[in-house]
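Asks: with the input below, show me the fold.
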Amino acid sequence: MDTGSDSAVWSVDGSKCKKFSSQQIFNAIRRTSPQKSWAPLVWHKASIPRHSNTTWLFILNRNPTFDRLISWNIDIDPACLLCGDGEESRNHLFFECSFSLVVWRSLLHRFHLSSVPSRWADILLWLPNAHPDSMVRLAILQVWQAAIYELWKERNRRVHDGLTLPPIRIMRYISSSLRDKCSALLSLSHPLGPRLAQFWFDPP
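Replies: Predicted coordinates:
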């Protein structure tokens with residue numbers, strides 16, 4: 001006759017665990033899929049959450065650009081509010097639009113790049129190898145995400161508030177947000193802080 005006492009044993013994927021772990025359980029039951037090729041462009045250690053989230057939604061083409069609103073049978077003028085020369089879509093806004101192209105190229109001028117793509121698909125292919133220096137590539141990713149965020153914000157400002165800012169103001173907002181991110185990394189003694197400071201605090 002067995003006189004031993006019963007005891008609970010957690011087993012995850014056939015392996016016994018010394019203690020319960022909600023993370024292990026979640027990882028065992030959740031549906032997984034291969035990492036998207038664009039994931040490292042969006043989620044990285046120097047990203048700003050609001051910039052990453054906006055970029056992610058644009059990669060999925062989920063933001064309500066005029067072309068998408070029209071596809072939902074909403075009767076609106078499709079003209080781009082930033083340049084007035086084309087019809088608004090994700091691909092046009094970033095960066096086929098003449099207004100946004102000025103912002104994009106001006107910001108990247110500090111990296112002394114000879115050729116910078118302006119079409120959405122070309123940019124996604126270019127970013128992973130935009131520069132041989134990994135830290136420069138990281139700074140370029142910061143610029144790309146910040147430009148997407150601030151240009152979309154400017155577009156919405158024009159839609160909802162009727163206000164219009166010039167490209168130079170957008171670039172100042174972008175530079176300010178990246179300096180703030182760098183300052184936060186420096187205050188946390190994060191190793192990326194001093195390395196990114198050369199881009200956002202020193203003259204280009």
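Asks: tell me the contacts of the most centrally placed residue in the chain?
Replies: The structure's the chain has its C-alpha centroid closest to Ser52; by CA atoms, centre = their mean the separation is 3.2 Å. Each residue near Ser52 by CB atoms under 8 Å, 6 or more residues apart in numbering is listed here: Val42, Trp43, Gln145. For the C-beta atoms, the positions are set from N, CA and C on the backbone; glycine is no exception.
Asks: low-confidence ranges, this structure, go.
Replies: 1-10, 13-14, 18-20, 26, 202-204 (pLDDT under 70).
Asks: before we move on, back to that, name the SS class of the residue nearest to the centre of the chain, please.
Replies: Counting by DSSP: H, G, I helix; E, B strand; the rest coil, the backbone at Ser52 sits in helix.
Asks: this protein: helices as residue ranges?
Replies: 22-29, 39-42, 49-59, 66-71, 90-91, 98-108, 120-126, 134-160, 167-187, 192-200 (DSSP state H).
Asks: residues contacting Leu82?
Replies: Leu82 is in contact with Leu93, Cys97, Phe99, Ser100, Leu151, Glu154, Arg155, Arg158, counting by CB under 8 Å, 6+ apart.
Asks: so how many other residues sit close to the last one?
Replies: Translated: Arg158. Other residues near Arg158 come to 15 when the count uses other CB atoms under 10 Å.
Asks: ok, Val12 next?
Replies: 14.
Asks: cool, Pro34 as well?
Replies: Neighbours of Pro34 under the rule other CB under 10 Å: 6.
Asks: could you do Glu88 as well?
Replies: Glu88, neighbours per other CB under 10 Å, totals 24.
Asks: contact partners for it?
Replies: Thr65, Phe66, Asp67, Pro78, Ala79, Cys80, Leu81, Arg155.
Asks: tell me the one among these nearest to Ser22.
Replies: Taking CB to CB as the measure, Ser22 lies nearest Thr65 of the contacts of Glu88, at 38.7 Å.
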